[in-house]
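Undergrad: Quick one: sequence plus predicted model below, questions after.
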Amino acid sequence: MMRLLPILMLLWLGGCAVQPVAPVVQPAQPESASFAMNGRISIKHNGARDSAGLRWTHQAQSDEILLLTPLGQTAARIYRNATEAMLDNGDRHYQDKDVESLMMQVLGWRMQLDGLHHWVLALPDGDDALVERDPLGRLAVLRQQGWEVRYLKYADKQANSLPKQMQLSREQLQITLLIDEWEWNPK
């Protein structure tokens, strides 16, 4: 039994070892990939500030964004597909033809959701973007459709790693995204 104790201790300690974290990199075809992300969002608009937890599920034909309270409860839900957009805020339900119009109607500001699903992957949305790159070739600054997107932190030091922190600015609106977790569902 005394000989077994050191072996059991080694096995137990080995089970406590920290596994290396796999790098967070883009899929081979990011434009067509479905993804989900968890993180936090901070919004500064005309001097007012707000923040929330964030769960965003993107698919080719739809998006669902959940804004979460500090305790993880859904404070608001934004959903869009090819034909409509909906925003649920507590017991209030809003609907419009697109997310940008809906957000302007309800929140007083708009987010470029069509571009955002590219930008969050550190990709321009088409050819009209002005880009600045960091020494690894990753996007550092992207200017497109009136927005300036600054990539403040990436998941790791690989050239194709995904952003962990980014800041989007346009006129009197500044949005900071902190991305804690990525999930991929290539299709």
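TA: Looks like it arrived, so ask away.

Undergrad: How many residues are close by Leu71?
TA: By other Cβ atoms under 10 Å, 6 other residues sit near Leu71. The C-beta positions use only the backbone N, C-alpha and C, and glycine is treated the same way.

Undergrad: Would you confirm that it belongs to a helix?
TA: No: per DSSP: H, G, I helix; E, B strand; the rest coil, Leu71 lies outside any helix segment and is coil.

Undergrad: contacting residues for it?
TA: Contact analysis of Leu71 by Cβ atoms under 8 Å, 6 or more residues apart in numbering lists nothing.

Undergrad: what's the distance between it and Asn160?
TA: 35 Å (Cβ to Cβ, to the nearest Å).

Undergrad: what's stretch 104-119 in contact with?
TA: Under Cβ under 8 Å, 6+ apart, the answer for stretch 104-119 is 31, 43, 45, 58, 63, 80, 87, 89, 94, 96, 99-101, 103, 124-125, 142, 144-145, 147, 149, 166, 168, 173, 175.

Undergrad: Can you flag which of the residues you listed belong to strands?
TA: Counted as lying in strands by DSSP state E, out of these, are 43, 45, 58, 63, 80, 87, 89, 94, 96, 142, 144, 147, 149, 166, 168, 173, 175.

Undergrad: Run a quick check on the first one versus Gln174, I expect a contact.
TA: Yes: the pair Ile43 and Gln174 qualifies as a contact (Cβ atoms under 8 Å) at a distance of 7.4 Å.

Undergrad: who has more neighbours, the two?
TA: A count of neighbours by other Cβ under 10 Å puts Ile43 above the other of Ile43 and Gln174, at 18 against 15.

Undergrad: Mind listing the residues bridging to that one?
TA: With DSSP bridges as the criterion, Ile43 is bridged to Asp50, Ile175.

Undergrad: from now on call the first residue 19
TA: Sounds good: first residue 19 from here, last item Ile61.

Undergrad: Please tell me how far it sits from Arg73.
TA: Distance of Ile61 to Arg73, computed by Cβ to Cβ: 16 Å.
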